[in-house]
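Participant: Got a sequence here, can you model it:
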Amino acid sequence: MSKICKKYFDQITTKSFINSKSSQHKMKQNYTLCFSLLTIFVFATLFGFIEFVDAADDRTKLEAELINQSTGKDDGKAKFEQRPDRVTLSVEIEDQKSNSSFTIKVDGKNLGGFTTDGSGFADINMDSRDGDNIPSVTSGSMVEVFDSNGIVVLSGKMIGTEATQSSDSQTQPPDTPPVSTTSVIIPLGAKDKDVSEFYLPSSISVSLSETVTWTNKDDTEHTVTSRSNDIFNSGLFGTNQSFSHQFTINGAFDYFCQLHPWMTGTVIAGSGGDVSVPTPPPTPPPEPLPPGSSQFTVTIPSGAAEQTITEFYSPNSISVKVSDLIIWQNSDIGFHTVTSGKGTSNGLFDSGLFGPGKSFSHQFTSSGTVDYFCAVHPWMTGTVIAGSGGDVSVPTPPPSDPPAPPTEPLPPGSSQFTVTIPSGATLQTVDEYYSPPNLSINSTDSITWQNKDDAFHTVTNTEEELFDSGLFGPGKSFSFQFNKGGTFDYLCIVHPWMTGSVIVLGQDKSNQNDLSTKLLSPLKQLKNGIMAPDVQCKSGFDLILRITKDMGACVKSSSLSVLIQRGWGQ
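Facilitator: Residues are numbered from 1 along each chain as shown. Okay, here's the model as predicted:
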């Protein structure tokens, strides 16, 4: 068709062709033929294009050329693709300084870091199906690559095609329909409230008798706990661990993480609808109260664990008679305690941890004003005024526990170290949440973590899964003996802003130069007026700051990428 039309237009430009009658007749024929062919081509192309758009309008494909800020050369590329079942993002750079660390940001959102090889090349590939937390990317989004000094070395804007919505999309419900799958990922960063989905996908549908498996790709522990009816509860499971449950009854099952209750998801099994479960056996009636005594209820309301309310026990202060009974009902979605005392238990009563829908009761047998708190969330406090009030009579503490049986002696030349969890770690009122936060030891040395805070904590190594204390309360401790070298980062799974690091050097103590007694912590240096670039770290450590939270740490270079993924360096 193109040859015919080209020949036609070439001919009509010649004078002899126009003056010839036969040529004029041929010109008319060619004109009619060309016009017909063009019309057919246009319609075929138009309808083909519409069909192509219809097939691809649910996909976003964007790319960015990363331009070197110094040379103006194209030294990298970023690609983003979003489909209904996945989101992928890849970034690669070349011709950069070899064996150097770089950080990637999209619209200011930190994606993590990578290190160039010997030829100056590095790449990173992220896929939501692997649990990677990929931010929203649109046409015009800025991709930036920073060097270790925080300087932008490469940058570029995303361009391409974005998914389009059908004309009736506005009439569709805003909720995402459930995805038919039996695999759910807890993505990296789920513990942070700024991610879009805490379970991926957050809503799924399965057939009866199918088994759903949740895999934890985050850097801390989580739970998968049904919100009602005690249908399933994973308990705590850590990085790269999984939990499975087989659904044998119809229903829509809402679930959440007990440690991070803002994380929620739904499983629609079979035909969905209300969950039908066997009626539990009746609870035996409580023992009758003495004549003249009354029963009161104090509620732990929804939002107490997240500090989104002003009254964590409701009512916050209650007056009762001697011999009256109080029942504390947990209507929140997190675990709590009811512990007598002000920040530290005085031994009068302690519920221990009790979860959503559970309760704890205590009968007051003497007058007194009793303060109490939650050992997990110590900002939660309340007061009971029993009888005439006044000073409360607390039980005499039992004699101290007999000394623990002697542990196996450490190998010759090994040492014992102590790390303290100071009072105030939960409330973020201290400079160091583990003190010291970074400790260098030798292989076969042992560390004991002592909890001197008023709340429960953990010491959990989530990367190598080398050690995990589990929850241990005020006054308790956890010990671990190291038998291999390396850098081991750890955190508290209940309060993930609490982080620390152990550097195991091996048998040679001549290289151990602990300057922790000579240098103030980075945060103390900052608070003493030292500018960020002038903060000093001991030999072998690099400085990393978290400006948004006014925190800093000195860590080995091998730990930088891990901390960057946790939001440091921003």
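
Participant: any low-confidence regions in the stretch 401-550 of the chain?
Facilitator: For the stretch 401-550 of the chain, the stretches with pLDDT under 70 are 401-410, 427-428, 462-463, 506-529, 531-533, 538-541, 545-550.

Participant: all helices for it, in order.
Facilitator: Ranges of helices within the stretch 401-550 of the chain are 522-527, based on DSSP state H, counting those that start in this stretch.

Participant: Please name the nearest non-neighbouring residue to Val91.
Facilitator: Ala78 (4.7 Å; C-beta to C-beta, 6 or more residues apart in numbering). Using the backbone N, CA and C atoms, a C-beta is placed for each residue, glycine as well.

Participant: is it true that Phe114 touches Phe121?
Facilitator: No - between Phe114 and Phe121 there is no contact under C-beta atoms under 8 Å: 10.0 Å.

Participant: Which one of those two is surrounded by more residues?
Facilitator: Per other C-beta atoms under 10 Å, whichever of Phe114 and Phe121 has more neighbours is Phe114, with 20 against 15.

Participant: list the helices and strands the helix or strand containing the more buried one packs on?
Facilitator: Using DSSP states H and E, Phe114 maps to strand 109-115. Applying 3 or more C-beta pairs under 8 Å, 6 or more residues apart in numbering; DSSP states H and E, one finds that strand 109-115 contacts strand 101-106, strand 122-127, helix 557-565.

Participant: Against Gly390, how distant is the residue nearest to Val91?
Facilitator: 69 Å (C-beta to C-beta, to the nearest Å).

Participant: Can you list the buried residues in the strand holding Phe114?
Facilitator: Buried residues in strand 109-115, counted by 16 or more other C-beta atoms under 10 Å: Asn110, Leu111, Gly112, Gly113, Phe114.

Participant: Pick the one among those closest to Ser244.
Facilitator: Gly112 (29.0 Å; C-beta to C-beta).

Participant: I'd guessed the closest one sits against Ile124; true?
Facilitator: Yes - with contact defined as C-beta under 8 Å, Gly112 reaches Ile124; the gap is 6.9 Å.

Participant: who touches both of those two?
Facilitator: The overlap between the contact sets of Gly112 and Ile124 (C-beta atoms under 8 Å, 6 or more residues apart in numbering) consists of Ile104.

Participant: follow-up on the earlier one: quick check: angle from the strand holding Phe114 to strand 101-106?
Facilitator: Orientation check (axes from the mean of the first three to the mean of the last three C-alpha atoms, to 10 degrees): strand 109-115 against strand 101-106 gives 150 degrees.

Participant: mean pLDDT for the helices and strands packed on strand 109-115: which is lowest?
Facilitator: Mean pLDDT is lowest for helix 557-565 among those, at a mean of 58.

Participant: Pull up the gap between Val459 and Phe480, please.
Facilitator: Between Val459 and Phe480 the computed distance is 8 Å (C-beta to C-beta).

Participant: Strands of the stretch 301-450 of the chain, start to end?
Facilitator: Using DSSP state E, counting those that start in this stretch, the strands of the stretch 301-450 of the chain run over residues 317-320, 325-330, 339-341, 345-350, 359-363, 368-373, 381-386, 416-421, 438-441, 446-451.

Participant: who has more neighbours, Val459 and Phe480?
Facilitator: Between Val459 and Phe480, counting by other C-beta under 10 Å, Val459 is the more crowded of the two (26 against 18).

Participant: For Gly485, see how far away the more buried one is.
Facilitator: Distance from Val459 to Gly485, by C-beta to C-beta: 19 Å.

Participant: picking that back up, the more surrounded of Ala78 and Gly390?
Facilitator: Using other C-beta under 10 Å as the criterion, Ala78 and Gly390 rank with Ala78 on top: 27 against 11.

Participant: Spell out the secondary structure type for the more buried one.
Facilitator: strand (DSSP: H, G, I helix; E, B strand; the rest coil).

Participant: list the contacts for it?
Facilitator: Ala78 touches Glu63, Ala64, Leu66, Leu89, Ser90, Val91, Glu92, Val106, Val143, Gly156, Met158, counting by C-beta under 8 Å, 6+ apart.

Participant: Beta-bridge partners for it, please?
Facilitator: Bridge pairing for Ala78 (DSSP bridges) gives the partners Ala64, Val91.

Participant: mind checking how far it is from Ile151?
Facilitator: Distance of Ala78 to Ile151, given as C-beta to C-beta: 18 Å.

Participant: now do Phe253
Facilitator: 49 Å.

Participant: Equivalent analysis for Gln96, please.
Facilitator: For Gln96 relative to Ile151 (C-beta to C-beta), the value is 12 Å.

Participant: Which of the two has more residues huddled nearby?
Facilitator: With neighbours defined as other C-beta under 10 Å, Gln96 and Ile151 compare such that Gln96 has more, 20 against 9.

Participant: Nearest residue to the more buried one in space, please, no chain neighbours.
Facilitator: Nearest to Gln96 is Gly120, by C-beta to C-beta, 6+ apart, at 4.5 Å.

Participant: Okay, the one you found and Ser98: tell me how far apart.
Facilitator: Taking C-beta to C-beta, one finds Gly120 at 5 Å from Ser98.

Participant: Who has more neighbours out of these two?
Facilitator: Applying other C-beta under 10 Å to Gly120 and Ser98 shows that Gly120 carries more neighbours, namely 15 against 12.

Participant: Please determine how far that one is located from Ser100.
Facilitator: 8 Å.

Participant: what's the answer for Thr383, then?
Facilitator: Using C-beta to C-beta, Thr383 is found at 58 Å from Ser100.

Participant: same check, this time on Gly470
Facilitator: In terms of C-beta to C-beta, Gly470 sits 39 Å off from Ser100.

Participant: Wait, Gln246 touches Thr213, no?
Facilitator: No - Gln246 lies out of contact with Thr213 (C-beta under 8 Å); the separation is 10.2 Å.
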